[in-house]
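**Student:** how does the following fold in three dimensions:
(one chain, ligands or ions: 1)
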Amino acid sequence: MLKETRKTDPEVAALVDEELDRQEHNIEMIASESTAPLPVMELSGSVFTNKTLEGYPGARFQAGSHVADKLENLACERAKALFGADCANIQSYSGSTANYSIYASILEPGDKILSMRLDQGGHLTHGSPANWVSKIYNFEFYSIDKETELIDYDGMEAKAKEFQPKLIIAGASSYSRLIDYERISKIAKEVGAYFMVDMAHIAGLVAAGVIPSPIPYADFVSSSTTKTFCGARSGMVFCKKEHEKLLKKGTFPGALGSMHLNTMAAKCWSFKYAASDEFKAIMKQVVANAKCLAQELTNYGFRIVSGGTDNHLLVADLRNKKITGKTFQNALDAVGITVNKNMVPFDPEKPGVTSGVRIGLTAVTQRGLKEPEIKEIAAIMNQVANAPEDEANLAACKAKAEALIAKFPLYPAGLSVIKQTSKFHR
Ligand code: DSN
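**Tutor:** Predicted coordinates for the structure are as follows:
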């Protein structure tokens, strides 16, 4: 890898080596992360990156598109077959731009959107005051139930009737439970709203059939293609047949410019890979590992938001452990376990501190970790939480974490092999 870069820019090559070393020797548990298989890396760096192209197959703004047309058509056909969708638009560059292209397809400035609050699991692009969409559209938010910490569907219905949104958004960045898409689609129909699901976090689980799909119920479904989908750093949108023209126009020229054919090639490969038995087995194990970690941490006295998980992530509320999310994140980082601090529902702490951490199981499962290793990770986490500022304790935990992950290469045979020659490769 990096043959030409090593010759021409050793400085940046060294940074790639250093990052590879970090990933190889750390236990990566950021819920939005996964490991891109080697073909995804190859295709993301392929000659398709040289081609500038706008429009759609058969109606392009630039010449020389006949190969790219074949690629986009093949990728769309694979995407539709994989998810059982009427229509797929795979020109988005990310999950965020996928959402923007849906907004551009169906909304006018000032239109009303009902979505999930950011601090309860929603996403920035679902109307956070910090995101530009909050200045364009009129957002109202539904919540989770304080007791169960599950989405309060009755509350959502009441809000929808009162607010009369043009769009209802489901899907979240830190919600560990299944979402009742059928119920929300009924609410949307009742108030005459479009129903959109942002499945960025769970797309891989959905593709593998491990958890229910929103596709039959939603007008539009957006996603990134990283996270559980384990693919290129890019995006995709699905919709019902009757919205196809709107989505096309809203995506290009509505929200985006020329497409990224290199990541489109990588997505095309992933749409095939995600239908494989290998991928399905990984996704099944992701959920088993997440459930195992939730149970183990509970046994160690951690409080898991909503009492557990149905997907690839869990949120641990650390208040009874008397540490903040920030302290725990930093202490785990010091021992080589990477998670992110995260607001718990109705969190009294500021977003920069938080009372919780979000933990994801996708990347470690791809490396081959199963329940016995997840139990070891839970034990290390507990040991860290018990004395997060004790240097000797952290050193002991670091040794355990390093020994554990050393047995599971970042790129095992199934994901293809990266051979490193750099000084960082151990
Ligand atoms: N929304 C951020 C996350 O879930 O980590 C990035 O995708």
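
**Student:** residues touching the residue nearest to residue 373 when sequence neighbours are not counted, list them.
**Tutor:** Once flanking residues are discounted, residue 373 sits nearest to residue 404: 6.1 Å by Cβ to Cβ, 6 or more residues apart in numbering. Quick note: C-beta positions are derived from backbone N, CA and C, even for glycine. Contact analysis of residue 404 by Cβ atoms under 8 Å, 6 or more residues apart in numbering lists 27, 373, 376, 377, 380.

**Student:** give me the residue from the stretch 151-300 of the chain nearest the ligand.
**Tutor:** Using Cβ to the nearest ligand atom, the closest approach of the stretch 151-300 of the chain to the ligand is made by residue 173 at 3.7 Å.

**Student:** give me the pLDDT value at that residue.
**Tutor:** Residue 173 is assigned 96 on the pLDDT scale.

**Student:** any idea how many residues pack against it?
**Tutor:** When neighbours are defined as other Cβ atoms under 10 Å, residue 173 has 21 of them.

**Student:** residues of this protein that sit close to the ligand?
**Tutor:** Residues of the chain found near the ligand, taking Cβ under 6 Å from any ligand atom as the criterion, are 32, 123, 173.

**Student:** how about these in a markdown table, adding secondary structure and distance to residue 227?
**Tutor:** Formatted as a markdown table, these follow (DSSP: H, G, I helix; E, B strand; the rest coil; distance: Cβ to Cβ, whole Å):
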| residue | secondary structure | distance to residue 227 |
| --- | --- | --- |
| 32 | coil | 5 |
| 123 | coil | 12 |
| 173 | coil | 9 |
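
**Student:** distance to residue 235 added to those, as CSV?
**Tutor:** Below are the residues of the chain next to the ligand laid out as CSV (distance: Cβ to Cβ, whole Å):
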residue, distance to residue 235
32, 13
123, 13
173, 15
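
**Student:** burial of residue 139, as a residue count?
**Tutor:** 22.

**Student:** my read is it is in a strand, agree?
**Tutor:** Yes - counting by DSSP: H, G, I helix; E, B strand; the rest coil, residue 139 falls inside a strand.

**Student:** residues touching the closest residue to residue 118 other than its chain neighbours, list them.
**Tutor:** What sits nearest to residue 118 in space, not counting adjacent residues and going by Cβ to Cβ, 6+ apart, is residue 128, at 4.6 Å. With contacts taken as Cβ under 8 Å, 6+ apart, residue 128 has the following neighbours: 118, 122, 134.

**Student:** which parts of whatever helix or strand residue 392 lives in are buried?
**Tutor:** Applying DSSP states H and E as the criterion places residue 392 in helix 391-406. Neighbour counts using 16 or more other Cβ atoms under 10 Å place 393, 394, 396, 397, 398, 400, 401, 404, 405 of helix 391-406 among the buried residues.

**Student:** same check, this time on stretch 363-378
**Tutor:** Using 16+ other Cβ under 10 Å as the test for burial, stretch 363-378 gives 363, 364, 365, 366, 367, 368, 369, 373, 374, 376, 377, 378.

**Student:** which of the residues you listed fall in helices?
**Tutor:** Counting by DSSP state H, the part of the buried residues of stretch 363-378 found in helices is 363, 364, 365, 366, 373, 374, 376, 377, 378.

**Student:** the first one touches residue 26, doesn't it?
**Tutor:** So that's residue 363. No - at 9.7 Å, residue 363 does not count as touching residue 26 under the criterion of Cβ atoms under 8 Å.

**Student:** quick revisit: nearest to residue 344 among the buried residues of stretch 363-378?
**Tutor:** The nearest member of the buried residues of stretch 363-378 to residue 344, counting by Cβ to Cβ, is residue 378 at 18.7 Å.

**Student:** residues in contact with residue 232?
**Tutor:** Counted by Cβ under 8 Å, 6+ apart, residue 232 has contacts 36, 40, 43, 44, 225, 226, 263, 266, 267, 270.

**Student:** residue 353 is in contact with residue 344, correct?
**Tutor:** No - judged on Cβ under 8 Å, residue 344 makes no contact with residue 353 at a distance of 11.6 Å.

**Student:** so which of the two has more stuff around it?
**Tutor:** Remark: of residue 344 and residue 353, residue 344 carries more neighbours, 24 against 14, as counted by other Cβ under 10 Å.

**Student:** ok, for the more buried one, nearest residue in space, not its chain neighbours?
**Tutor:** residue 356 (4.0 Å).

**Student:** for residue 316, see how far away the one you found is.
**Tutor:** According to Cβ to Cβ, to the nearest Å, residue 356 stands 6 Å off from residue 316.

**Student:** and the longest helix for the protein?
**Tutor:** Under DSSP H, the chain gives helix 277-299 as its longest helix.
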